[in-house]
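Peer 1: Need coordinates for the following:
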Amino acid sequence: MSVNGSERYCVGYLDQGEGMARIKIPDGPAEELHRLWMMCPELTAPASAFSAAVYNQSKLSVRLRELLRMRIAQINHCVV
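Peer 2: This next block holds a predicted model:
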């Protein structure tokens, strides 16, 4: 995440070095993730259901799933 003045952006990078879209997250007292989801509340329930399926119904072991998350973050140049 980078900070530009008081505006915060979620930043990612493709493996080819091209920048991904930056999403301006409004400032506020709530946790950043909550403020992000409040920008598009109609996606909160579907995203929550997807997350629950990934974590509660996966055939992958917890160890393998976390290894894959770390590798995806590495590919996207995210701090792990």
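
Peer 1: Identify each buried residue in stretch 33-49, please.
Peer 2: Judged by neighbour count using 16 or more other C-beta atoms under 10 Å, the buried positions of stretch 33-49 are Leu36. Just so you know, the C-beta spots here come from the backbone N, C-alpha and C atoms, and that holds for glycine as well.

Peer 1: From Lys59, how far off is Gln74?
Peer 2: For Gln74, the distance to Lys59 under the criterion C-beta to C-beta, to the nearest Å works out to 23 Å.

Peer 1: neighbour-wise, which of these two wins?
Peer 2: For Gln74 against Lys59, the residue with the higher neighbour count under other C-beta atoms under 10 Å is Gln74, and the figures read 12 against 6.

Peer 1: got a list of contacts for whichever helix or strand that one is part of?
Peer 2: Under the assignment given by DSSP states H and E, the secondary-structure element containing Gln74 is helix 62-75. Contacts of helix 62-75 with the rest of the structure, by C-beta atoms under 8 Å, 6 or more residues apart in numbering, involve 15, 54, 58, 60, 79-80.
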